[in-house]
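Participant: fold the following.
(2 chains)
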Amino acid sequence: MDPLSWGEIIVRIFAQFTPVWIALIVTFVASIYYKSYLGLYGKIFDSMIGMFGFGLVMFWVYTAFFTGVFDLIVTHDEFTQVSGMKNKAPGTPLRGAGEGDYAYYLLGGDNLARDVFSRMVKGSTIVIAISPLATMFAFMVGITLGLPAGYYGGKLDTILSFLANLILAFPVILLFYLLVTPEIVATGIPSYMATVLFSFPLIFILILLDSKYGIRPGLRWPLLGSVFFVGFIIYASLISEAGRGTLVDIWPNWLDLFNIDAGVLVVFVSVVFVNSPTVFRIVRGLTLDIKTRDYVAAAQTRGETPWYIMLWEILPNARGPLIVDFCLRIGYTIILLGTLGFFGLGLESESPDWGTSINQGRRLIAAYIHPLIPPAISLLTLVLGLNLLADGLREESLKD
Amino acid sequence: MGSFILRRLGIMLLTALCLTFVVFFLTNLYPNLEKLAKTQGNFRMSEEQVASYLNNRGYGQNTFVKYGEWLGVLPGYVITGSDGETRARCARKGASVEDASTYCGVLQGDWGFSTVSKENVGGILLKRLSLTGFLMVWAILITVPVALLLGVVAGMREGSKTDRSLSTFSIITSATPEYVSGVVLIAAFGTSALGMKWFSGSAASAMNNATLNNFLLPVLTIALFNIGYIGRMTRASMAEVMTAQYIRTARLKGVSFGGIVIKHALRNALIAPFTVIILQIPYLLTGVVITETLFNYKGLGWQLVQAAGNNDIEMLLGVSVVSVIIVLVTQLISDIGYVKLNPRINIS
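Facilitator: Numbering: from 1, shown residues only, chains lettered A, B, ... in the order given. Predicted coordinates:
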């Protein structure tokens, strides 16, 4: 078989993404049709920039979804090495392709003779799975600490702000090198950090519910108890795998619902740790501003508890800037993940995520650039999409 | 103003102490020391041998004591080891124990000894710092004027075609981390893949003799990301100032558009970008680490990666302290500069 021309490669890649195109078209048509009922989400479709950014983001979200759940889009296994395909140019026919194999390496082979296209697509699942979740955790930590710091002020604020500035003064790379090396992982410090950091979402949800429903005597304890029960099992399952062999190794195996790979967890922890101080500062600043408003004074006069005021009066009114920052921060988290991969920290060296692929590709950059460009462009488009989406949201939310 | 600076300096000192202690603690954790003992001694050492090796060389002391010694506020150890030999912290490189000074830490200018390159950390740091400084100065020299011009031009007529295209440019560059832009730049202009091998893809030779050929790509890699970021900040600030009442007043009084921009808008519009630029320097450090690794330019960032990879504890400590100090000093400058530039802020 002859190698494919560039035109054929593009057509084939386009065809490979068919499910994504269908999902995108359905999403856009439905959203634009119903946009007046959809609140802030619908407003994205009023601005060209927001719509374009949303499209880019959803492209990767759907790609990750169809690849991760249904194993569509990918043409080959991302780890399989096919002899004779090492560093082959895009469009090279697969050597010794059997029945049912996809006959080409669409974007060529990398230095270990794996399919670059499949690795790029598979890499999106890792990025899409980790970064929004890590950002969400960082927000929970930042909100849980930032609200009281801004609302109460005083000593609490001084101490928390000092700690936040302390972490912020660390160059990020240095922090990664100090936290994610195998020696430090062996001491269990990341697992202790996971134990502390991952407890914040649970605490946050409990306080959130208690401040609103705690005044109803019949509802309080059943509600809090059941939420705590479910939340704690998830929390314990989350930290148990990385905590094996350390002081937090108390959770029995039969209660362990799911296992998160220890390497991924360490990456997750360090990304949350780096992001939370910035979120803390934003939330604190917003709280300082909003607590002088009349509706807060009204709630205080009504005799509401401080946490009710913070979580049900101040937080909803701070949502605009927080949502915008959330989009930007997911992008930043993706960049951080890529940085970790680029330095070969945390994730396994054969992991298909984009940072690791870029790191492996750059070693042979003088000879072959085709394994390098797809992950680089993917990362760029996803971050760009998130930035554009944030811009669109900011513009639209400023309008009213 | 004086007491403000003094208070900031105090907080800065406290922060520096805390941070260096954290770094010290993390680099001196037992698994790191064990690895050090095995690479310095031999790889087949037993548990006891590792422990006695470390104890003989003062690594077995309490972390706070070790930190005090490293800092130079506690006298350096003098230990007669289990092998009968007397070692002192301050008598390195074969000097006799009796002649050694009592204190030898960072405060006395002794940054320790690199176990990898077998040289004094202080000397290496100075060399690396000057190389990184050179790279950063060039990056800033390109970034700041371009970013400010881009932001001002885009922000003075918000929503115009120029604004749209310049904003698109800055949003794309600020979404491109250095390891992506660097790789794309090398692929496009540093290899013959696209037939445009105009520059060198490595900056190793730029350390002695920086030319356009070997130095432009690394500088551009760092600059691009920051141009986008600072440009966006400047644009936002400029656009905000241009809608202010006093600008409209000046316009109605018949001042020309150029006059308004230069005389009335610029000073107010540049307050926010100033702090952004100064505060961007710590982030520049991260970019510098990536760029130096990518282009094989042996500056501070490259040294950080090497020291961390080779478990070169005192080197890593030295690099960390330098980068922490850079961050803290830039924060201080930005605080003071902000107050100086903005007469509306009264700190007393």
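Participant: can you tell me the element the residue nearest the centre of chain B falls in?
Facilitator: Centroid-nearest residue in chain B, with C-alpha atoms, centre = their mean: residue B:285, separated by 3.3 Å. Under the criterion DSSP states H and E, the helix or strand holding residue B:285 is helix B:271-295.
Participant: could you list every helix and strand in contact with whichever helix or strand comes after that helix?
Facilitator: Next helix or strand after helix B:271-295 toward the C-terminus (DSSP H and E): helix B:300-309. On a contact count with 3 or more C-beta pairs under 8 Å, 6 or more residues apart in numbering or on different chains; DSSP states H and E, helix B:300-309 meets helix A:172-179, helix B:121-156, helix B:271-295, helix B:313-341. C-beta coordinates here come from the backbone N, C-alpha and C atoms, glycine included.
Participant: average pLDDT across helix B:300-309?
Facilitator: Helix B:300-309 carries an average pLDDT of 88.
Participant: which residues does it contact?
Facilitator: With contacts defined as C-beta atoms under 8 Å, 6 or more residues apart in numbering or on different chains, helix B:300-309 is touched by A:173-174, A:177-178, A:181, A:343, B:114, B:116, B:124-125, B:128-129, B:131-132, B:285, B:288-293, B:296, B:312, B:315-316, B:319-320, B:322-323.
Participant: run the angle between that helix and helix B:313-341 for me.
Facilitator: Per axes from the mean of the first three to the mean of the last three C-alpha atoms, to 10 degrees, the angle that helix B:300-309 makes with helix B:313-341 is 140 degrees.
Participant: please name the nearest non-neighbouring residue to residue 219.
Facilitator: No chain specified, so I'll use chain A. Closest residue to residue A:219 apart from its sequence neighbours, by C-beta to C-beta, 6 or more residues apart in numbering or on different chains: residue A:213 at 5.2 Å.
Participant: looking at chain B here, not the other one
Facilitator: Leaving aside its chain neighbours, residue B:219 sits nearest to residue B:138 (4.7 Å; criterion: C-beta to C-beta, 6+ apart).
Participant: any idea how far that neighbour lies from chain A?
Facilitator: Going from residue B:138 to chain A by C-beta to the nearest C-beta, to the nearest Å gives 20 Å.
Participant: state whether residue A:95 is indeed within a strand.
Facilitator: No: applying DSSP: H, G, I helix; E, B strand; the rest coil, one finds residue A:95 to be coil, outside a strand.
Participant: so it sits against residue A:86, correct?
Facilitator: No: Residue A:95 is not in contact with residue A:86 according to C-beta atoms under 8 Å; the separation is 10.5 Å.
Participant: turn the helices and strands packed on helix B:300-309 into JSON lines, including mean pLDDT and distance to residue A:202.
Facilitator: Formatted as JSON lines, the helices and strands packed on helix B:300-309 follow (pLDDT from 0 to 100; distance: least, C-beta to C-beta, whole Å):
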{"stretch": "helix A:172-179", "mean pLDDT": "84", "distance to residue A:202": "23"}
{"stretch": "helix B:121-156", "mean pLDDT": "89", "distance to residue A:202": "43"}
{"stretch": "helix B:271-295", "mean pLDDT": "80", "distance to residue A:202": "32"}
{"stretch": "helix B:313-341", "mean pLDDT": "82", "distance to residue A:202": "33"}
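Participant: as TSV, these with distance to residue A:39 would be great.
Facilitator: Below are these laid out as TSV (distance: least, C-beta to C-beta, whole Å):
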stretch	distance to residue A:39
helix A:172-179	35
helix B:121-156	30
helix B:271-295	31
helix B:313-341	38
